[in-house]
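Peer 1: Quick check, what structure comes out for this input:
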Amino acid sequence: MDVAYNFSNKVVLITGGTGALGSTLVKKFIDSGAITISSFVNDEGAKRLKTANHKVELIKLDITKEEQILKTIPILVQKFGTIDILVNLVGGYLGGKPTMELGEIDWTTMMDLNLKSAFLISKYVIPIMKSGKGGNIVHISSRTGLKSEGYDSAYAASKAGLIRFVEATSQELKGDNINVNCILPTIIDTEANRRAMPDADFKKWLSKEDLANVILFLCSSASKVINGAAIPTYGTF
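Peer 2: Numbers count the residues shown, from 1 in each chain. You can find the predicted model right below:
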């Protein structure tokens, strides 16, 4: 059962909100009264998100590019006044190769998508939160960040690095009323994942709604004592 949250007068920035989880999360924040902004890099994805959630504010932004963030954050602050909540959904997966077969571009891609992106968006959103009333930040790591089964060393290293980044950042911000946490999902039940793994047992996968509910909780005042955590969200895997 969904818990009703009240995010009225809160400004929420969701990076990479055009995917299956992002669309679910955008709707929940809008339904909870938040001014909800989603970044995007793909125009088609943005059109689908706008069609499904017409109240969403869209901003084209690649958060692996510092120069784009430097231009965009001041525009958002000028228009909306502040950023109260950051949910960073940007990330990617590359697996199936042993380490000796990985190319440098494979390694760099995983580090950019899963770790550098989190660093850059945090670097420029945190000062906005510090100058306001504080805030909440949630990043998406992975269970693989705790334990890898192999053949995913670049992905595993980037997600493990994200957990340590969250820990470090949360310690730096303990006195600023800013909570920084991450979640550790396994496979999320999306249409794309079902197409990619048609023989899997989908019932064991994590639902978008359940995962979105955890994120909303971490962005609410109910989670104020949780800071620097890497929270397991494993479904029945």
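
Peer 1: Sketch out the low-pLDDT regions of this structure for me.
Peer 2: The model of the chain has pLDDT under 70 over residues 1-2, 236-237.

Peer 1: list the helices and strands the biggest helix by length in it packs on?
Peer 2: If you go by DSSP state H, the chain has its longest helix at helix 153-172. Counting by 3 or more Cβ pairs under 8 Å, 6 or more residues apart in numbering; DSSP states H and E, the packing neighbours recorded for helix 153-172 are helix 104-111, helix 117-131, strand 135-140, strand 178-185, strand 230-233. C-betas here are computed from N, CA, C, even on glycine.

Peer 1: what sits up against it?
Peer 2: The contact list for helix 153-172 (Cβ atoms under 8 Å, 6 or more residues apart in numbering) reads 93-95, 99, 102, 106-107, 109-111, 113-115, 118-119, 122, 126, 137, 139, 141-142, 144-146, 148, 179-182, 184, 227-230.

Peer 1: Could you do stretch 130-137 as well?
Peer 2: Contacts with stretch 130-137, where a contact means Cβ under 8 Å, 6+ apart, come from 82-88, 122, 125-126, 128-129, 169, 173, 176-181, 218-220, 223.

Peer 1: Now restrict these to buried residues only.
Peer 2: Among the contacts of stretch 130-137, those buried by neighbour count (16 or more other Cβ atoms under 10 Å) are 83-88, 122, 125-126, 128-129, 169, 173, 178-181, 218-220, 223.

Peer 1: For the protein, identify the residue most remote from the centre.
Peer 2: Within the chain, M100 marks the point farthest from the mean C-alpha position, 29.8 Å out by Cα atoms, centre = their mean.

Peer 1: Looks to me like it is in a helix.
Peer 2: Yes: counting by DSSP: H, G, I helix; E, B strand; the rest coil, M100 is found in a helix.

Peer 1: Return the residues in contact with it.
Peer 2: By Cβ under 8 Å, 6+ apart, M100 has no neighbours at all.

Peer 1: follow-up on the earlier one: let me have the helices and strands packed on helix 153-172 in CSV, extended by distance to E66.
Peer 2: Converted to CSV, those look like this (distance: least, Cβ to Cβ, whole Å):
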stretch, distance to E66
helix 104-111, 15
helix 117-131, 5
strand 135-140, 18
strand 178-185, 20
strand 230-233, 26
